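Coordinates only, no sequence provided:
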């Protein structure tokens, strides 16, 4: 009977011993993450105050930084952008430090893998940043061109182009991150091919009269030619 | 340099050597204008024979690679019987030459080649006229060149009677803005037909602008602004009616607006110190007897213009808010909700919009092309409003409305000066 009780209590003792050894690590992780989040938040507030005090936004306006951001379709204020960037970097560091406090080989291994994975993440982030800029610029160019040519639903058309570009760049980023690359490429090819085919059929069959009108207008008269001489 | 190569080619072919200098040069920029250029050349020959019989004159066709025989028409066009139109023969023959220009395809590059030839021939007075004019008469040559030769004027801008719906970029943006900025009431700053002195042509050639939009539609406003801002003696000449073929039917409005308004805003950067100090405006000396002329009827698609304006409000909200600010954009939004019959663009709002676009161009708020092309729906809204306002008015009434707009530009100029950092 004693042996049986020992058999039952042994695992419990081991679990409680493991827990007793592991609990400080969990506590350390929680403290590190909680303190880190609070510290990051305080740093964010302090940095924002500092940048406001030194009139960073006005300086950015004068130096053309704000204009450059607007050019690249970034509509937040420069101080907010800088502070947000630093805040998120701090948060990533805090979480990595917190997880490493667990001292679990698997997690340590994961953190190590994450470190090795950083170049791919950087590439993906660059692709997404480039995609954001290109998407913004092309989106505006399309909407302005469509409005000026008198096409209805210009905004809708531009949004469709934007979505297409967003999907394209996200697929590129996922492929760079090696997240199910085969599926991503196949899915993108199927979706893109399907959309193009659907548009071709819709325009060629359903919108044949509209297509004829547009082509006639473009080739015969020029899009803006009326009787008014603008110059 | 592209312009040098034109002169070098002419020197090597002996064309310049054969002429050995001239007193007057008249330039015609052309591209596939075989149908209309013959009439222009005949009018120029008759004008030179009638009004400048003693001066040595050259007609230069600066061609952009026409494939319809434009240059052949220029070479072959002669007035066989001067007796039928003139009381006396000219003593000096009129030389003609057709030269291909180089560089960016456009009117500005064609003008550059004309300036180069004018400088090499050492002419005293020049004129440039469009190749598609149907209303040009021999008197145009006298009116464009006499002020230069007899009065010492450096730059003669044209003054036409035009239909009240014609020249809307001129009427709603370029004329009021140029007048408010530089203080001279040059009514047709981008008219296309100008007279100028040899000294002025030399000044144009000192500027390195031939790879910009000035080489295209921007050339006219550039020439006028250069003349005014640099203190040259400026006048205008009344030429009657301007009837011509539609300007470049292939070009779209927003590209035209981009080049003309972009050139105007670009010149504001160059001559900031000049326009900042100017208040109000002064008339310029005007030559020629003014008379009423019959004008061709112009049809206007009002609904299409208003619809494009409304499409702009729906699609360009973020850009317009960034350029105009939330307050003025709110006013624009309210305009879009008005029924077509009540559609009126307040003068103050329009002047503020133009100045805000100039400021956004200066501050590089957006890429230049996107910024300027986003102005098109607003411009169409303003044009639609103007059409509605002057619909029942005669020409003089419409001119009165343009004058009100000009005065509003002059009054509101402080907004531009105050915000230009």
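Cool, the structure landed. Please read these numbers as outputs of a predicted model, since none were measured by experiment. Residues are numbered from 1 along each chain as shown, chains lettered A, B, ... in the order given.

which other helices and strands contact the longest helix seen in chain A?
Ranked by residue count and defined by DSSP state H, the top helix of chain A is helix A:2-53. Contact partners of helix A:2-53 among helices and strands, from 3 or more Cβ pairs under 8 Å, 6 or more residues apart in numbering or on different chains; DSSP states H and E: helix A:78-100. All C-beta spots, glycine's among them, are computed from the backbone N, C-alpha and C.

Would the following helix or strand past the helix it packs on count as contacting chain B?
Later in the chain than helix A:78-100, the nearest helix or strand by DSSP states H and E is helix A:105-148. Yes. Residues of helix A:105-148 contacting chain B under Cβ under 8 Å from any Cβ of the partner chain: A:137, A:140, A:141, A:143, A:144, A:145, A:146, A:147, A:148.

residues touching the fourth one, list them.
Spelled out, that is residue A:143. Each residue near residue A:143 by Cβ atoms under 8 Å, 6 or more residues apart in numbering or on different chains is listed here: A:154, A:155, A:157, A:158, B:315, B:316.

so for the longest helix of chain A, what's the average pLDDT?
Mean pLDDT, helix A:2-53: 88.

returning to what we had before: could the residues of helix A:105-148 next to chain B go into CSV alongside pLDDT?
As requested, the residues of helix A:105-148 next to chain B are arranged in CSV below (pLDDT from 0 to 100):
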residue, pLDDT
A:137, 87
A:140, 89
A:141, 91
A:143, 91
A:144, 91
A:145, 90
A:146, 90
A:147, 89
A:148, 87
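
Let's see the pLDDT reported for residue 228.
As the question left the chain open, I've gone with chain A. Predicted confidence (pLDDT) for residue A:228: 53.

You answered for a different chain; I wanted chain B.
Residue B:228 is assigned a predicted lDDT (pLDDT) of 97.

Not counting sequence-adjacent ones, nearest residue to it?
Among residues not flanking residue B:228 along the chain, residue B:182 sits closest, at 4.6 Å (Cβ to Cβ, 6 or more residues apart in numbering or on different chains).

close enough to count as contact, that neighbour and residue B:229?
Yes. The pair residue B:182 and residue B:229 qualifies as a contact (Cβ atoms under 8 Å) at a distance of 6.0 Å.

Now stretch B:377-386: buried residues?
B:377, B:378, B:379, B:380, B:381, B:382, B:383, B:384, B:385, B:386 (16 or more other Cβ atoms under 10 Å in any protein chain shown).

returning to what we had before: show me which of the contacts of residue A:143 is closest to residue B:273.
For the contacts of residue A:143, the residue nearest residue B:273 by Cβ to Cβ is residue B:316; the value is 33.2 Å.

how about the closest one, what does it touch?
Applying Cβ under 8 Å, 6+ apart, we find residue B:316 in contact with A:143, A:144, A:147, B:374, B:377.

ditto for residue A:80
Counting by Cβ under 8 Å, 6+ apart, residue A:80 makes contact with residue A:48.

how near is it to chain B?
16 Å (Cβ to the nearest Cβ, to the nearest Å).

about what we covered before: what's the neighbour count on the residue nearest to residue B:228?
The number of residues packed near residue B:182 is 23, by other Cβ atoms under 10 Å in any protein chain shown.

same deal with the one 4 residues further on?
Residues within reach of residue B:186, counting by other Cβ under 10 Å, total 26.

Who are the contact partners of the residue lying closest to it once chain neighbours are set aside?
Spatial nearest neighbour of residue B:186, chain neighbours left out: residue B:157 (4.8 Å); criterion: Cβ to Cβ, 6+ apart. Contact analysis of residue B:157 by Cβ under 8 Å, 6+ apart lists B:186, B:187, B:188, B:189, B:191, B:194, B:224, B:234, B:235, B:236, B:237, B:284.

with those residues in mind, which one is nearest to residue A:215?
Once Cβ to Cβ is applied, the member of those that ends up nearest residue A:215 is residue B:191, at 35.1 Å.

For that closest one, give me its contacts.
With contact taken as Cβ under 8 Å, 6+ apart, residue B:191 is in contact with B:157, B:158, B:159, B:160, B:170, B:220, B:242.

returning to that earlier point: backbone dihedrals for the residue nearest to residue B:186, please?
Main-chain dihedrals, residue B:157, degrees, to the nearest 10: phi -90, psi 160.

Give the residue spans of chain A that score low on pLDDT.
For chain A, applying pLDDT under 70 flags the ranges A:64, A:71-73, A:214, A:217-231.

again, 80 this time
A:1-2, A:58, A:61-76, A:107-108, A:110-111, A:114-115, A:152, A:184, A:199, A:202-231 (pLDDT under 80).

which residue ends up closest to the midpoint of it in space?
For chain A, the residue sitting closest to the mean C-alpha position, by Cα atoms, centre = their mean, is residue A:128 at 6.3 Å.

low pLDDT regions in chain B?
Counting by pLDDT under 80, chain B shows low-confidence ranges at B:1-19, B:79-93, B:244-252, B:292-299.
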